[in-house]
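Visitor: show me the folded form of this:
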Amino acid sequence: MTSPLDNKLGNVLGGKTATALQKGFGFVTVGDLLSHYPRTYAKRGELTALTQLPLDENVTIIAEVVKTSRRPMKNRPGNLLEVTITDGEGLLGLTFFNQAFRANDLSPGRRGMFTGKVTEFNKQFQLTNPHYELFDETHTRSPEEAREWAMLPEPIYRATASIQSWKIKDSIAIVLDTLPPLEDPVPQGIRDARKLMGYSMALDRVHRPTNESEPYVARKALRFQEAFVLQAALLQQRDKVRQVATAPRVGGSLLEQFDAALPFTLTSEQKLVGEEITRDLAAAVPMNRLVQGEVGSGKTLVALRAMLAVAQNGGQSALLAPTEVLAHQHLRSIVATLGPDLAARLRPTILTGQLPTAQRKKALLAAVSGGSSIIIGTHALLGEKVGFFDLGLVVVDEQHRFGVEQRESLRLKGATPPHVLVLTATPIPRTVAMTVFGDLDISTIAELPSGRSPIASHFVSLDENPGAIRKVWVTAAAEIDKGHQVFIVCPAIDPKEDEPGDAPEEDAIPGAPSANVTDLLESLSHNEILRDKRIAGLHGRMSGDEKDAIMRAFSAGQIDILVATTVIEVGVDVPNASTMVVLDADRFGVSQLHQLRGRVGRGGVQGKCIFVSRAKPETLARERVEAVASTLDGFVLAEKDLELRKEGDVLGSTQSGGRSSLRLLRAWKDGELISEARQLAGAILSEDPDLSAHEPLRLALERRLDAEAETFLSKN
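Guide: Now for the predicted structure:
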């Protein structure tokens, strides 16, 4: 059974309009178009404030024509039509080339919507060849009708240069006029209890409101429906995973031997999360758990204990790391933590794309024969030639670095569905976790092990004090003189190329090149304060052997200063490194800065992190860096990051996937709504798992979880 929302736009609007909507927005069906809600509403009688228009951006405004004039163009044939519009106070020019006929429309006193790119000419803002739609004249109406007309909300849509807001509005009106009544996926009882408008009415009123309050009431209903259907989808997917049988993995003597040899006591939260994982592994359904924890909270130790439980039963574990540097670091750390006896028995093996042929063949044989119980690797683990004897556990470190296809290809290498343990050192706000990872069980480790020194964080503004960089170098030299080591992180490898970061592109300082490894290495070699120090560089374009050799040398204390990109963001553990300097810190996102800071203070020495930025005061870029400098609490920062960036960047394409991107729902402010929707959806699924008594909800889930999106969720 198909829904009217699945009808192709070409069947309703015609091929030309449907093609334009698909090209401009990716809309294919009626449901796609109707989910393109107005970004704002304006009253026809209220004019847009022209003094607040952003330069070099496309805008849609409501204004009134003041005057028009025509004149020939200089040094070229043709004429120029110049129109002045107003908001009652400011003025804005419209310029039309060889379109004098438009003067018949744009007579003084006419009001309408105008859209175009704001440019500047002779110190005056203007729109060149803008599109416009004039409102109906009001002089034929009675005074009361004119007032009603002026107060009617006018929807304004996110548009493109070729598809203006009013064209979208007209297309939506045609679709709504041909749309039959829709069944609401939210049951009547829930709608009544929450006083929600029905689905068909909400769609009509969000696009065609008849008074000021209707858009708010309609959005309230549509927002709840979005949360309700999304949570039902996540819960339904979680239940499907739990219906698949797998081999239980129960720990024993290996884990007991390991715990007895630990030179420290597990924290209470490590013990609690360990118990949760132990219960999951002992069950006959695959574990699907996310462990989030602060940098240095011991997530890898918890994962290693799970690997031992799997090895006890002859199973293997695969640890997927995002970089070769981290993969090698994991191998050395795991071997050292296991101790000689357990390491000899479990034979941890590494597999990366940079391994020599002989070593690669040896690693492949160890994996497929069962000779190695723990296989650590990068994307090389995902290759078709990589097989396992008995893959019982997949551990994904820093899950946000991998696409769902990559994680799934590793999971499918198990003869029976393996247990999955996902690790992240980027704390996730509860509302985002419910929205994105609602089909995973989530564990949290917020407590740091004893012995971790607190990190002193400092913000240095080069915008206000350009000479402050000298003090940064003096601080670095002083730490080295104490016998410690220093990281210096740059956002770029060379003057022309940045490595990927998670700061919004628009936050970059116009015209300012990023600090980069190449130039900084040259500069520091002549720096009077640091030139006598042992300095090396590390970045993503180096070979695996080169990166590993440099990290080994740095870990051994043979390098004083490591100038690197974010290749050292996660997992790198050098206890003697006391200081982290992040140049152009505004080029990084909150989570990246927090991760980078976690690379120091890992031994018994006091950690220092210096965030250096040229961002100007009261900018979002600077606010982001100052937020990180102000607290060490990653969970506080996660909430701040969500507040600053909203969930668009937080979710990301690899998290939202296909139709699961949010429309009206906002994780940063709708936490209570999401939680309530989850409880209500869970109650329905508990009583009616196959939704036989809730046909509209079942159909809504089928629409949301089409083949592509359902595959996405099953992998996530």
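Visitor: can you mark which positions in the longest strand along the chain are buried?
Guide: Across the chain, the longest stretch assigned as strand under DSSP state E is strand 58-72. Buried residues in strand 58-72, counted by 16 or more other C-beta atoms under 10 Å: 59-65, 68. Every residue, glycine included, has its C-beta placed from N, CA and C.
Visitor: of all the residues you listed, which comes closest to residue 301?
Guide: residue 59 (53.7 Å; C-beta to C-beta).
Visitor: give the contact list for the residue nearest to residue 347 when sequence neighbours are not counted.
Guide: Spatial nearest neighbour of residue 347, chain neighbours left out: residue 372 (4.6 Å); criterion: C-beta to C-beta, 6 or more residues apart in numbering. Residue 372 is in contact with 316, 346-349, 363, 366, counting by C-beta atoms under 8 Å, 6 or more residues apart in numbering.
Visitor: can you do 7 Å?
Guide: Listed by C-beta atoms under 7 Å, 6 or more residues apart in numbering, the contact partners of residue 372 are 347-349, 366.
Visitor: equivalent analysis for residue 342, please.
Guide: Residue 342 is in contact with 254, 257-258, counting by C-beta under 7 Å, 6+ apart.
Visitor: one more time with 10 Å
Guide: If you count contacts by C-beta atoms under 10 Å, 6 or more residues apart in numbering, residue 342 has them with 254, 257-258, 261, 308, 311, 334-335, 348, 373.
Visitor: next step: these restricted to helices.
Guide: Judged by DSSP state H, helices contain the following of the contacts of residue 342: 254, 257-258, 261, 308, 311, 334-335.
Visitor: give me the low-pLDDT residue ranges for the stretch 501-650 of the chain?
Guide: Applying pLDDT under 70 to the stretch 501-650 of the chain flags the ranges 501-513, 569-572, 643-650.
Visitor: hmm, residue 225 and residue 680 touching each other?
Guide: No - Residue 680 is beyond contact range of residue 225, at 11.5 Å (criterion: C-beta atoms under 10 Å).
Visitor: so what sits against both of the two?
Guide: Here residue 680 and residue 225 share the contacting residues 186, 190, scored by C-beta under 10 Å, 6+ apart.
Visitor: make TSV out of the buried residues of strand 58-72 and add pLDDT and distance to residue 92.
Guide: Conversion of the buried residues of strand 58-72 to TSV gives the following (pLDDT from 0 to 100; distance: C-beta to C-beta, whole Å):
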residue	pLDDT	distance to residue 92
59	81	10
60	81	13
61	84	8
62	85	12
63	87	7
64	89	11
65	92	11
68	93	13
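Visitor: quick one, the strand or helix carrying residue 344 and helix 253-261 angle?
Guide: For residue 344, the enclosing helix or strand under DSSP states H and E is helix 324-346. On the basis of axes from the mean of the first three to the mean of the last three C-alpha atoms, to 10 degrees, helix 324-346 is oriented at 110 degrees to helix 253-261.
Visitor: what ranges does the stretch 351-500 of the chain have for its strands?
Guide: 374-377, 391-397, 419-424, 441-445, 455-461, 485-489, 492-494, 497-498 (DSSP state E, counting those that start in this stretch).
Visitor: wait, which of those is closest to residue 134?
Guide: That would be strand 497-498 among those, by C-beta to C-beta, at 45.6 Å.
Visitor: and the helix or strand just after that closest one, how far from the chain's centre?
Guide: Downstream of strand 497-498, the first helix or strand assigned by DSSP H and E is helix 517-525. Distance, stretch centre to chain centre, for helix 517-525: 32 Å (C-alpha atoms, centre = their mean, to the nearest Å).
Visitor: got the buried residues for helix 517-525?
Guide: For helix 517-525, the neighbour count (16+ other C-beta under 10 Å) marks 517-521, 524 as buried.
Visitor: ok, those residues vs residue 611, which is closest?
Guide: residue 520 (16.1 Å).
Visitor: tell me the contacts of that closest one?
Guide: By C-beta under 10 Å, 6+ apart, the neighbours of residue 520 are 488, 490, 492, 527, 535, 537, 561, 563, 583.
Visitor: next, give me the two most distant ones among those.
Guide: 492 and 527 (18.9 Å).
Visitor: comparing these two, which residue is more hemmed in?
Guide: Higher neighbour count among residue 492 and residue 527: residue 492, with 23 against 17, using other C-beta atoms under 10 Å.
Visitor: pull up the gap between that one and residue 541, please.
Guide: Going from residue 492 to residue 541 by C-beta to C-beta, to the nearest Å gives 11 Å.
Visitor: now do residue 255
Guide: 41 Å.
Visitor: of these two, who's got more company?
Guide: Comparing residue 255 with residue 541 by other C-beta under 10 Å, the one with more neighbours is residue 255, at 20 against 13.
Visitor: number of residues surrounding the closest residue to that one other than its chain neighbours?
Guide: Excluding its sequence neighbours, the residue lying closest to residue 255 (C-beta to C-beta, 6+ apart) is residue 308, at 4.6 Å. A count of nearby residues for residue 308, using other C-beta under 10 Å, gives 24.
Visitor: do residue 332 as well
Guide: The number of residues packed near residue 332 is 17, by other C-beta under 10 Å.
Visitor: surely it meets residue 573?
Guide: Yes - contact status for residue 332 versus residue 573: in contact at 9.0 Å, counting by C-beta under 10 Å.
Visitor: overlap in contacts, the two.
Guide: With contacts defined as C-beta under 10 Å, 6+ apart, the residues adjacent to both residue 332 and residue 573 are residue 555.
Visitor: residues in contact with the residue nearest to residue 255?
Guide: Counted by C-beta under 10 Å, 6+ apart, residue 308 has contacts 249, 251-259, 317, 338, 342, 346, 373-374.
Visitor: again, 7 Å this time
Guide: 251, 254-255, 258.
Visitor: could you do residue 82 as well?
Guide: Taking C-beta under 7 Å, 6+ apart, we find residue 82 in contact with 69, 93, 95.
Visitor: so it, which state does it fall into?
Guide: Recorded secondary structure, residue 82: strand (DSSP: H, G, I helix; E, B strand; the rest coil).
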